[in-house]
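Colleague: Kindly generate the corresponding structure for this input.
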Amino acid sequence: MAISTALGFCTETHHFINYPVTITGVSKNSAAGLGAKGAHIAKIEDVSFLPKNIKIFWDPNIPQIWTGPTIYAQNVYEVLSKSEGRRTINYIKMYEYLYVFSKYTRYAISLIRKL
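Modeller: This is a model prediction of the structure:
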């Protein structure tokens, strides 16, 4: 997601495809594999491969959890913060997915908030 966002700022020509194109990992330990098991969620400070200072750079509008929608949004936020001009993220779509369309994520977020 972040790479495609960054490429969008530096390409001179582009083509529009009216459907999502995603290439996911195939390993059971990839993000896609963990998501299929319902295990792709954690507090960002508990994810060993994220930078230790991740909370400093984290977008305050994104819940501080490691899951697909939040990581995609954070990656785009970081790209946009380094790009020229002011661009915004549609946070409502992310919140819709987290709280309306994904019962597992909603449940997991409620558990993390209790910690």
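Colleague: who does the top helix by length along the chain touch, helix- and strand-wise?
Modeller: As far as residue count goes, and with DSSP state H defining each element, the longest helix of the chain is helix 68-82. Packing contacts for helix 68-82, counted by 3 or more Cβ pairs under 8 Å, 6 or more residues apart in numbering; DSSP states H and E, involve helix 2-10, helix 31-36, helix 91-96. Backbone N, C-alpha and C define where each C-beta goes, glycine included.
Colleague: I'd like to know which of those helices has the weakest mean confidence.
Modeller: For the helices and strands packed on helix 68-82, the bottom mean pLDDT is recorded on helix 31-36, which sits at a mean of 62.
Colleague: Check which element follows that one along the chain.
Modeller: In the C-terminal direction, the helix or strand that comes right after helix 31-36 (DSSP states H and E) is strand 42-43.
Colleague: Name the spans of this protein whose pLDDT lies under the cut-off.
Modeller: Within the chain, the ranges that satisfy pLDDT under 70 run 1-3, 22-40, 85-86, 101-115.
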